[in-house]
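K.L.:
kindly return the folded structure for what I paste below:
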Amino acid sequence: MPKSTTFSNDLAALIFNATAIANMADNAAGSPLTNLYLSLHTASPGIGGAQTTNETSYTNYARIAVARTVGGWTVASGAAQNAALAQFPQCGASGATLTHVAVGTAASGAGKVLYAGALNASLAVSNLIQPQFSAGALTVTES
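P.N.:
Numbering: from 1, shown residues only. A predicted model of the protein is given here:
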């Protein structure tokens, strides 16, 4: 059974903008994440994988934080897009071939993968290459 467009938008706004869903996910007493973290992978992290599953390890690689705000993500039509340039560290001596990107909950370690998908084309990263997603280039669909 599919979700309604209204709920898809509400759910995407909850995840990406930290916007409460009235009477469902509106407990302000908790301590919600202020950022989501993008990670790059050399193969799919899989349905049951953590952020570390097939995560790249090119020289200087680190996950990047994207704020859970409208400044970090634009939410419309049941989808979220990065609102600004999302730029990973520049590769040093050792590279990798990147095939997937994930949105997760941790800056490092085995965080929870919320969404993952294949890149439109694999990216060979070598010395001085800096992977990035221009504003609006990374789309996550909640359907």
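
K.L.:
now the longest strand seen in the chain: mean pLDDT?
P.N.:
Using DSSP state E to define each element, the chain has its longest strand at strand 113-125. When pLDDT is averaged along strand 113-125, the result is 95.

K.L.:
can you list the strands that the helix or strand just after that strand pairs with?
P.N.:
Counting by DSSP states H and E, the element after strand 113-125 in chain order, helix or strand, is strand 132-133. For strand 132-133, sheet partners with direction are given as strand 86-87 (antiparallel), following DSSP bridges.

K.L.:
need the contact partners of the strand it pairs with.
P.N.:
38, 64, 66, 130-133, 138 (Cβ atoms under 8 Å, 6 or more residues apart in numbering). C-beta: built from backbone N, CA, C; applies to glycine.

K.L.:
mind redoing it with 10 Å?
P.N.:
With contacts defined as Cβ atoms under 10 Å, 6 or more residues apart in numbering, strand 86-87 is touched by 38, 64-66, 72, 101, 130-135, 137-138.

K.L.:
so among these, which ones count as buried?
P.N.:
Buried positions within the contacts of strand 86-87, assessed by neighbour count (16 or more other Cβ atoms under 10 Å), are 38, 64, 66, 72, 101, 131, 133, 138.

K.L.:
which two of those residues lie the greatest distance from each other?
P.N.:
When Cβ to Cβ is used, the two most widely separated members of the buried ones among the contacts of strand 86-87 are 72 and 131, lying 18.0 Å apart.
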